[in-house]
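Student: this one's sequence-less:
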């Protein structure tokens, strides 16, 4: 007897008819739920785009789509919020942070994955446990630390790039993600590399890193987003516009007497464009890495 | 390390901080003693010669942290600072740095107190300035005000409106804030719509207010526009300033009888709570997600509470597409007598640094609060002046902005909220309590206000 679950007439192993109609309904229900979920995820972005081209009264009302499209909101938002200056600041801050984070995360992850040293697992466990500490709890100790470092070092930290970038160059999540990946690299590859005279560093750079494009892209995307969207920390460590990032520019549209929601949304659209471009080019590797590791977000 | 030990280690790493936090406070500690009663602050007259050192402020560069970085107000401030930098006889240079909103500026100052990266001049409400004065970073500006060389004459002091002149004085009599502008928390009232509803005059009592608010709500419910159903009366925002203004209008305030602490169980505050609950439950008051300027401009509300400093936003809302061309204006919160408004003084303060920079800061503030400069600041910011003589220099502005001029007549009704350092946290408790009042039952009001009283007393004790 045919062991397949269903023959072409919808009959199963023992000649029973499997309900094709039931399968269609099940699929329909599944797709309906997925479409609803997608709708819920997308609707805030549609609202943001719609509000960004409205007038202020329309934006503050209940209308969802604008009666007229006002693209000049983007131009006005760019000029009023000093976006040019803040945009360049954000680019610099993000690039410096990314470079530092990838460098230190790769090295640390490799050590935890492939180098046996005393206390390795204990240190890794302690480091992992710090992921459970909420970020806001660390904001005051971090501020006191960067203040102290600015006093004792040759370079001022406050109102300068070190305070905005160095605290974020050590990412436990990035180290953990890469460590898990590096640990999967077969030992035979390292043995073969050793035979060829390669040490750990050469093995890392010539063998491991080329294999680790997917997790590295995940780190790039997530770290870029975190750095690009940062607001609370930059507001704390800067009090002049020289190094303020783009998220601070959005605050220009909220004043003590009122807020201009349409301009704020126009500014928000400008702010997320680089993130969208980055994700567009890295989405394949991002998705592949998430699927492989089973981690979410 | 084996998996078993690793798991135990993680459990301990999680549990230990929780245990330490939970066991941090001893249950056997005696409850703190209530603070001793203090006398009300005396009038700010110096009893000995001012202590401004005889130094040369020439060539000093001072930083000024402010909260006016955008729009015409920001442009106006930049122009004034540039004017001072270009024309002052001492060559003092002011670097004005926008810190966002008042709350952002307070966060920045709190961080700067730790880092030492303080400005020379900052703006803030009196309660925040008092907090920083308590930790020793702010100057007592009475020394400068009454100095023979750099201070004000008696005539100049008389020129300041009394309410805002005394607003920057803390409980110990130190002048921690110097007023360079004021705004008023008033009601915006749609005269045209009210007349169409059958009301010839603005309300002068709370009963009249309720009648007009409910009539507007009923009118919106009965028309063909479903978008305004449930709206029309009064936009109710449970901020402390709105609670305070209604309490002032009902003949009360937030102080106890001796003026040494808070009392939110007094009849006026209870009356505010019950009145708001009544308006809310009957649908004559509603909330908006954001500033209600568009709602007011499109007859979705007859009344809204707002600062006069925000009236330009309301004017813009009436000029935008979809707005209804109604006549509107400022009125006092109705209640006892002529009602009341809440007077917010915009205070600047000098941060302690060195004598030269402190004097340079004072010279900038003295110039900034001169009648001529204040007139320009009023025109840029829509704030109201703190000196009476400024009004004489604003004929053109008054003619062009009759709405703004309505605030001049309301200034005598101004009452200030407490300027104690504890008031920063008490304000949040007031807002939370009144939100709870609206969502709860009328019977809960006395209990909620008693809880608020206790929280305020605790905050006052912590900052004493």
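Tutor: All right, it came through fine. Everything numeric here is computed off the predicted structure, so don't read it as measured data.
Student: tell me, how many residues neighbour the residue nearest to residue B:91 when sequence neighbours are not counted?
Tutor: Distances taken as Cβ to Cβ, 6 or more residues apart in numbering or on different chains place residue B:59 nearest to residue B:91, at 5.0 Å, with adjacent residues excluded. Backbone N, C-alpha and C define where each C-beta goes, glycine included. When neighbours are counted by other Cβ atoms under 10 Å in any protein chain shown, residue B:59 registers 11.
Student: for residue B:59, what are its contacts?
Tutor: Going by Cβ atoms under 8 Å, 6 or more residues apart in numbering or on different chains, residue B:59 touches B:90, B:91, B:92.
Student: just those now: which is nearest residue A:117?
Tutor: Closest approach between these and residue A:117, by Cβ to Cβ: residue B:92, at 60.0 Å.
Student: sorry, back to before: which one (most neighbours) among the contacts of residue B:59?
Tutor: residue B:92 (22 neighbours).
Student: check what pLDDT it gets.
Tutor: For residue B:92, the pLDDT comes out at 97.
Student: which residues of the stretch 151-297 of chain A score low on pLDDT?
Tutor: A:255-258, A:289-297 (pLDDT under 70).
Student: repeat that for the stretch 1-150 of chain B.
Tutor: Checking the stretch 1-150 of chain B against pLDDT under 70 turns up B:1-50.
Student: same thing but 90
Tutor: B:1-54, B:68-75, B:100-103, B:115 (pLDDT under 90).
Student: how about the helices of it, start to end?
Tutor: B:3-22, B:71-87, B:102-115, B:126-134, B:142-145 (DSSP state H, counting those that start in this stretch).
Student: find the centremost residue of the chain, please.
Tutor: Went with chain A since none was named. In chain A, the residue lying closest to the centroid (Cα atoms, centre = their mean) is residue A:222, at 1.9 Å.
Student: wait, chain B was what I had in mind.
Tutor: The centre of chain B sits closest to residue B:344, judged by Cα atoms, centre = their mean, with a distance of 4.8 Å.
Student: if we can go back for a sec, now the nearest residue to the residue nearest to the centre of chain A once chain neighbours are set aside: how far from residue A:139?
Tutor: What sits nearest to residue A:222 in space, not counting adjacent residues and going by Cβ to Cβ, 6+ apart, is residue A:173, at 7.6 Å. When distance is defined by Cβ to Cβ, to the nearest Å, residue A:173 is 18 Å away from residue A:139.
Student: do residue B:62 as well
Tutor: Distance, residue B:62 to residue A:139, using Cβ to Cβ: 29 Å.
Student: okay, those two: which has more neighbours?
Tutor: Set residue B:62 next to residue A:139 and count neighbours by other Cβ under 10 Å: residue B:62 wins out with 25 against 16.
Student: quick check, the more buried one in contact with residue B:95.
Tutor: Yes: Residue B:62 is within contact range of residue B:95, at 7.1 Å (criterion: Cβ atoms under 8 Å).
Student: which segments of chain B make up each domain?
Tutor: Using automatic domain parsing, the domain parsing of chain B gives B:61-182+B:345-408, B:185-342+B:419-462.
Student: residue of chain B closest to chain A, please.
Tutor: Chain B approaches chain A most closely through residue B:310 (3.0 Å), counting by Cβ to the nearest Cβ.
Student: looking at this, that residue is in a helix?
Tutor: Yes: using DSSP: H, G, I helix; E, B strand; the rest coil, the secondary structure at residue B:310 is a helix.
Student: residue A:77: neighbour count?
Tutor: Neighbourhood size, residue A:77 [other Cβ under 10 Å]: 26.
Student: did I read that right, it in a helix?
Tutor: Yes: under three-state DSSP, residue A:77 falls within a helix.
Student: who touches it in this structure?
Tutor: A:83, A:253, A:263, A:264, A:266, A:267, A:270.
Student: with adjacent residues omitted, what lies nearest to residue 217?
Tutor: Unless you meant another one, I'm taking chain A. Nearest to residue A:217 is residue A:285, by Cβ to Cβ, 6+ apart, at 3.7 Å.
Student: hmm, no, I was thinking of chain B.
Tutor: Excluding its sequence neighbours, the residue lying closest to residue B:217 (Cβ to Cβ, 6+ apart) is residue B:232, at 3.9 Å.
Student: toward the C-terminus, what is the element adjacent to the helix or strand residue A:37 falls within?
Tutor: Under DSSP states H and E, the secondary-structure element containing residue A:37 is helix A:20-52. Scanning forward in sequence from helix A:20-52 by DSSP H and E, the next helix or strand is helix A:56-60.
Student: what's in contact with that following helix?
Tutor: Residues outside helix A:56-60 that contact it (Cβ under 8 Å, 6+ apart) are A:51, A:66-67, A:260-262, A:265, B:290-291, B:293-295, B:297-298, B:316-317, B:320-323.
Student: narrow those to those in helices?
Tutor: Judged by DSSP state H, the contacts of helix A:56-60 include A:51, A:261, A:262, A:265, B:293, B:294, B:295, B:297, B:316, B:317 as members of helices.
Student: now, the most widely separated pair of these?
Tutor: Maximum pairwise distance in the ones in helices among the contacts of helix A:56-60, criterion Cβ to Cβ, is 19.7 Å, between A:265 and B:297.
Student: these two: who's more crowded?
Tutor: Between residue A:265 and residue B:297, residue B:297 has the larger neighbour count (other Cβ under 10 Å), namely 27 against 23.
Student: so that one touches residue B:323, yeah?
Tutor: Yes: contact criterion Cβ under 8 Å: residue B:297 and residue B:323 qualify, at 4.1 Å.
Student: and for those two, which residues touch both?
Tutor: Contact criterion Cβ under 8 Å, 6+ apart; residues bridging residue B:297 and residue B:323 by contacting each: A:57, B:317.
Student: sorry, back to before: quick check on the residue nearest to residue A:217: phi, psi?
Tutor: Main-chain torsions, residue A:285, degrees, to the nearest 10: phi -70, psi -40.
Student: same thing with residue B:325?
Tutor: With angles defined as degrees, to the nearest 10, residue B:325 sits at phi -80, psi 70.
Student: one more: residue B:185?
Tutor: Dihedral angles (degrees, to the nearest 10) for residue B:185: phi -80, psi 110.
Student: so what's it up against?
Tutor: Residues near residue B:185 by Cβ under 8 Å, 6+ apart: B:241, B:242, B:244, B:245, B:305, B:306, B:307, B:308, B:341, B:342, B:344.
Student: rerun that using 10 Å as the cut-off
Tutor: Applying Cβ atoms under 10 Å, 6 or more residues apart in numbering or on different chains to residue B:185 gives the contacts B:239, B:241-242, B:244-246, B:248, B:305-310, B:333, B:340-344, B:414-415, B:417.
Student: that one bridge partners, please.
Tutor: For residue B:185, the beta-bridge partners under DSSP bridges are residue B:307, residue B:342.
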